[in-house]
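Chemist: Coordinates for the following, if possible.
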Amino acid sequence: MPYIIKGETADWEVIIGLEIHCQVISQAKLFSNASTKFGAEPNTQVSFVDSAQPGMLPVINDECVKQAIRTGLGLNAEINKQSQFARKNYFYADLPQGYQISQTPGNAIVGKGSVTIDTKEDGQKTIGITQLHLEQDAGALLHDQHPTKSYVDLNRVGTALMEIVSEPDIRSPEEAGEYWKKIRSIVRYLGTCDGNMDQGSMRADVNISVRKVGETEYRTRCEIKNMNSVRFMQMAIEYEARRQVELYEEGKEVDQETRSFNKATGVTATMRSKEDAHDYRYFPEPDLLPLILTDEEIEECRATLPELPDAKRARFISEFGLTDYDAGVLTVEKEVADYFERAVGSEKKRDGKMVANFMQAELFGHLNKDNRSITESPVSAESLGKLIDRIQDDTISGKIAKAVFEDMFETSRDPDVIIEEKGLRQITDTSAIEKVVDEIMAANEDKVAEVRSGKDKMISWFVGQLMQQTGGKVNPGMANKILRDKLLG
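Modeler: Numbering: from 1, shown residues only. This is a model prediction of the structure:
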């Protein structure tokens with residue numbers, strides 16, 4: 001459902017397009033052999049090419065090209081067999097060359113594509129992708145190192161970026177967030193970008209405009225730069241859309257400009273007037289030949305593609321009987337999907353739905369509480385699978401399994417060791433259970449009479465008493481059957 005803003009004169013809808021910048025996973029930069037390792041000391045990963053020393057010529061990194069092709073294929077996009085690098089001219093202190101080597105619209109390595117997102121109210125929606133192009137990153141300006149000076153760190157200069165440009169198909173902050181998360185999921189599955197937003201390897205520029213409901217033409221857009229958080233991006237969209245509506249409602253115009261977002265105040269502010277393509281004076285990069293790809297090279301990249309989130313989600317539904325929701329939760333992150341499949345086991349004898357439920361209710365809860373990722377789990381997938389086995393073979397109940405898991409999470413111990421050490425095996429001896437039931441009935445003849453007079457709900461009280469006296473070690477199904485037979489038979 002579109003995000004509608006009610007003004008005094010009209011209802012307004014928001015039009016959103018995202019330009020997501022993904023740092024390519026590659027040990028070297030786009031046009032030099034300098035390292036791309038994160039966290040190095042400032043200005044220690046800068047080659048002569050990166051620092052624009054005279055006579056130094058760029059040489060394309062073949063691995064970055066392959067990563068762009070693989071990403072394009074993962075986005076259901078066209079791969080252009082011929083593309084061209086160009087110089088995007090602008091001056092900034094963290095750009096030694098005085099221009100950025102990029103690709104212009106129509107000359108990008110990847111053309112039109114699409115991804116499907118899930119929305120709460122409207123179900124699935126397809127978002128179009130205009131293009132993916134390769135470009136080199138700029139450096140970083142450090143303003144907090146000295147009270148009166150700014151410093152420049154050129155370590156990021158020349159790092160390969162894939163800029164994924166969406167069509168203006170997004171209509172709400174929710175859709176923008178789901179689109180960003182879907183792109184992140186895809187590139188992480190592909191291994192083409194690590195998606196670490198806090199390290200700057202994935203960030204977005206958000207283009208926003210508004211128009212009256214029913215209008216078909218686009219109005220002036222503003223661009224919010226360098227968002228590295230889904231939550232803050234959504235806040236920025238809400239503020240900026242309302243700001244534009246207020247201007248139009250007052251009879252004013254929206255200026256095309258680039259804006260920043262202040263996380264503390266939740267407000268966008270003008271950075272500079274928004275440039276058009278001609279302002280950058282693009283021209284073909286004279287030091288690089290056009291990039292020519294063959295069908296064989298494209299197919300080689302296609303052969304390396306893993307099973308992607310949408311395909312894995314569909315398989316989890318058909319193969320393990322999961323709900324669409326459960327399958328969606330378990331396939332957003334490749335590491336979570338891999339953990340689930342290892343927990344189910346290669347022979348797939350374990351109940352996939354039980355594994356999914358236990359992961360979401362217990363494992364995720366404990367990980368979130370400790371602020372850990374699935375890769376940091378002290379309980380291995382194999383150990384969780386063994387715990388599920390003990391539920392399925394009636395060694396322990398689901399309730400006892402939760403207590404065993406608590407111990408596993410704290411100690412990383414084997415579930416069988418914990419069960420034996422603490423004497424947690426379920427009582428399966430029918431005669432022993434009947435003996436306890438007889439004792440409870442003898443001590444509560446009035447309640448037995450209530451059940452036999454038609455108050456079936458009282459049976460649950462007897463179940464509770466049985467569980468209490470056996471330390472919860474009786475199988476719930478067996479407990480119910482024996483009690484019903486004794487009380488009603």
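Chemist: any idea which residue sits dead centre in the protein?
Modeler: Centroid-nearest residue in the chain: Lys181, 4.3 Å away (criterion: Cα atoms, centre = their mean).
Chemist: Pretty sure it sits against Glu333.
Modeler: No. Using Cβ atoms under 8 Å, Lys181 is not in contact with Glu333; the gap is 10.1 Å. In short, each C-beta sits where N, CA and C put it, glycine included.
Chemist: Next, the buried residues of the helix or strand hosting Gly365.
Modeler: With secondary structure defined by DSSP states H and E, Gly365 is part of helix 364-370. Neighbour-count burial for helix 364-370, counted by 16 or more other Cβ atoms under 10 Å, picks out 366-367.
Chemist: I would like the residues contacting whichever helix or strand comes after that helix, please.
Modeler: Where DSSP H and E defines the elements, the next helix or strand beyond helix 364-370 is helix 381-392. Residues outside helix 381-392 that contact it (Cβ atoms under 8 Å, 6 or more residues apart in numbering) are 338-340, 342-345, 350-351, 354-355, 358-359, 363, 395-398, 401, 404-405, 408, 412, 414-416, 419.
Chemist: Check stretch 469-477 too.
Modeler: 394, 397, 399-400, 424-428, 433, 436, 439-440, 463, 466-467.
Chemist: ok, and the most crowded of these?
Modeler: Counting neighbours by other Cβ atoms under 10 Å, Leu466 leads the contacts of stretch 469-477 with 24 neighbours.
Chemist: dump the residue contacts of it.
Modeler: 433, 436-437, 440, 474, 479, 483.
Chemist: Go through the residues you listed and flag which are in helices.
Modeler: Judged by DSSP state H, the contacts of Leu466 include 433, 436-437, 440, 479, 483 as members of helices.
Chemist: that older thread, with distance to Leu73 and pLDDT as new columns, can the contacts of Leu466 be given to me in a markdown table?
Modeler: Shown next, in a markdown table, are the contacts of Leu466 (distance: Cβ to Cβ, whole Å; pLDDT from 0 to 100):
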| residue | distance to Leu73 | pLDDT |
| --- | --- | --- |
| Ile433 | 59 | 76 |
| Val436 | 63 | 77 |
| Val437 | 63 | 75 |
| Ile440 | 65 | 81 |
| Val474 | 55 | 77 |
| Ala479 | 55 | 74 |
| Leu483 | 60 | 77 |
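Chemist: any idea which of those residues is the one closest to Glu215?
Modeler: Ala479 (65.1 Å; Cβ to Cβ).
Chemist: Could you report the neighbour count for the closest one?
Modeler: Ala479 has 23 nearby residues by other Cβ under 10 Å.
Chemist: Same check on Gly191?
Modeler: If we define neighbours as other Cβ under 10 Å, then Gly191 has 14 of them.
Chemist: In contact with it, which residues?
Modeler: By Cβ under 8 Å, 6+ apart, the neighbours of Gly191 are 25, 306.
Chemist: go on, Ala52?
Modeler: 96-98.
Chemist: Try it again at 6 Å.
Modeler: 96-97 (Cβ atoms under 6 Å, 6 or more residues apart in numbering).
Chemist: Same check on the one 10 residues further on?
Modeler: The neighbours of Asp62, taking Cβ under 6 Å, 6+ apart as the test, come to nothing; the list is empty.
Chemist: got it, and Val213?
Modeler: Here Val213 is in contact with 11, 13 (criterion: Cβ under 6 Å, 6+ apart).
Chemist: Ok, Arg484 next?
Modeler: Shown in contact with Arg484 (Cβ under 6 Å, 6+ apart): no residues.
Chemist: Could you measure from it over to Val474?
Modeler: Distance of Arg484 to Val474, given as Cβ to Cβ, to the nearest Å: 14 Å.
Chemist: For the contacts of stretch 469-477, name the two members farthest from one another.
Modeler: Greatest spatial distance in the contacts of stretch 469-477: Asp394 and Glu439, 23.3 Å, computed using Cβ to Cβ.
Chemist: What values do phi and psi take at Leu134?
Modeler: Dihedral pair for Leu134: phi -90, psi 140, per degrees, to the nearest 10.
Chemist: what's the distance between Val417 and Gly113?
Modeler: On the measure of Cβ to Cβ, Val417 and Gly113 end up 51 Å apart.
Chemist: before we move on, the earlier item: I'd like the mean pLDDT over the helix holding Gly365, please.
Modeler: In this model, helix 364-370 carries a mean pLDDT of 96.
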